[in-house]
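*Asks:* need coordinates for the below:
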Amino acid sequence: MDDLNYLREPPAWKAINQDTISAGFEMASAPLTGSFLRTLATSKREARFLELGTGTGLSTAWILEGMDHNSSLISVDNDPTVIQIAYKHLGGDPRLTLKSRDGFEFLKEVQGEQFDYIFADTWAGKYEQLELALNMVKVGGFYIIDDMLPQENWPTGHAQKVKDLLRNLESLANFNLAKMNWATGLVLMVKVIE
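*Replies:* Here you go, the predicted model:
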């Protein structure tokens, strides 16, 4: 089986990818991750989605591709330069709200809100303020992270942060967890109790 065959990139993906390369942005989610995000998004109907770390919008495009018309996605990034690429290509989608904000501040502001699906692809809600993000996942909802396998762009000491994060996630009694040695290293968690 060739897992790169039949990816069927979202319509905006190629243009976003070109602009991503032109901008020199090297932290975009891999296409296999995008395919996984889209497939999971398809299972949530009339749902609330949250993406922490829009980047240029590559993963955002995959999530939108899987969502139904009655769902909504909030995507947050603190870099106004890269999020402009997402605005350019995806800003016309009425299901999407793009926020050029600090992720930590955003998480504090929306405490008490609930989401069916959270993709945490930045420090906020993943390595820092993890508990804030996990508290916002509905029972039956997804919490998804990537980049758990060693990456060339990891700074010194980051491998230990990944090990600590995984150990923390494995200890949570209110989530079921699947670790996947696939793409860039994915973790899918489903909340089972409050």
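*Asks:* which stretches of this structure form strands?
*Replies:* Applying DSSP state E to the chain gives strands spanning 48-52, 72-77, 96-100, 115-120, 137-145, 175-180, 186-191.
*Asks:* got TSV for those, with mean pLDDT and mean neighbour count too?
*Replies:* The C-beta positions use only the backbone N, C-alpha and C, and glycine is treated the same way. TSV is the format used below for the strands of the chain (pLDDT from 0 to 100; neighbours: other Cβ atoms under 10 Å):
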stretch	mean pLDDT	mean neighbour count
strand 48-52	98	25
strand 72-77	98	22
strand 96-100	98	17
strand 115-120	98	25
strand 137-145	98	20
strand 175-180	97	14
strand 186-191	98	19
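*Asks:* so can I have TSV of the ones you listed showing distance to Ile21?
*Replies:* Shown next, in TSV, are the strands of the chain (distance: least, Cβ to Cβ, whole Å):
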stretch	distance to Ile21
strand 48-52	21
strand 72-77	18
strand 96-100	21
strand 115-120	22
strand 137-145	24
strand 175-180	27
strand 186-191	23
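*Asks:* which parts of this structure are helices?
*Replies:* For the chain, applying DSSP state H gives helices covering 13-23, 31-42, 58-66, 80-90, 103-109, 130-135, 158-170.
*Asks:* among those, which is nearest Tyr117?
*Replies:* Closest to Tyr117 of those, according to Cβ to Cβ: helix 31-42, at 6.5 Å.
*Asks:* list the buried residues in that closest one.
*Replies:* Pro31, Leu32, Thr33, Gly34, Ser35, Phe36, Leu37, Arg38, Leu40, Ala41 (16 or more other Cβ atoms under 10 Å).
*Asks:* same for that helix, what does it pack against?
*Replies:* helix 58-66, strand 115-120, strand 137-145, strand 186-191 (3 or more Cβ pairs under 8 Å, 6 or more residues apart in numbering; DSSP states H and E).
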